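*Asks:* What would the 3D arrangement of this be:
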Amino acid sequence: MNARQKAEKIVDAKIKFQENLYKYLIVNGVLAIFSFIFFDNYTLLLSVMFFWGIFLIIDFLKAYPLNNIVGEGYREEMIQKEISKMGD
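*Replies:* Alright, predicted model coming up:
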């Protein structure tokens, strides 16, 4: 994979995260308004926010890896560590 393909993959992941974040904010905002006006129970609002939020966090970590925890570099680093252990 060349540098341009890697960059395109990263940009696509960032765009996907941003789109999902906007959708999350809009849908949960509307759902919160309806919950506060029409319902006494906020279970639906909280469950949607929680479960959708988990997937949003996963998308965030794919788009902006923290110290290559979930990135491609982390896998390669682990492979190199295992290879060095085998050589000992």
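*Asks:* Any idea how many residues pack against residue 43?
*Replies:* By other Cβ atoms under 10 Å, 9 other residues sit near residue 43. Glycine gets a C-beta too; all of them are placed from N, C-alpha and C.
*Asks:* And the next helix or strand past the one helix or strand residue 9 maps to?
*Replies:* With elements taken from DSSP states H and E, the one containing residue 9 is helix 3-38. Of the helices and strands lying after helix 3-38 in sequence (DSSP H and E), the nearest is helix 43-63.
*Asks:* thinking again about what came up before, the helix holding residue 9 packs against which elements?
*Replies:* Contacts defined by 3 or more Cβ pairs under 8 Å, 6 or more residues apart in numbering; DSSP states H and E place helix 3-38 against helix 43-63.
*Asks:* where in the chain is pLDDT low?
*Replies:* 1, 67-72, 74, 88 (pLDDT under 70).
*Asks:* Go again with 90.
*Replies:* Within the chain, the ranges that satisfy pLDDT under 90 run 1-11, 13, 34-45, 61-88.
*Asks:* mind listing what the spatially most central residue of the chain touches?
*Replies:* With distances taken as Cα atoms, centre = their mean, residue 59 lies nearest the centre of the chain, 1.7 Å away. Residues counted as contacts of residue 59 (Cβ atoms under 8 Å, 6 or more residues apart in numbering) are 13, 16-17, 20.
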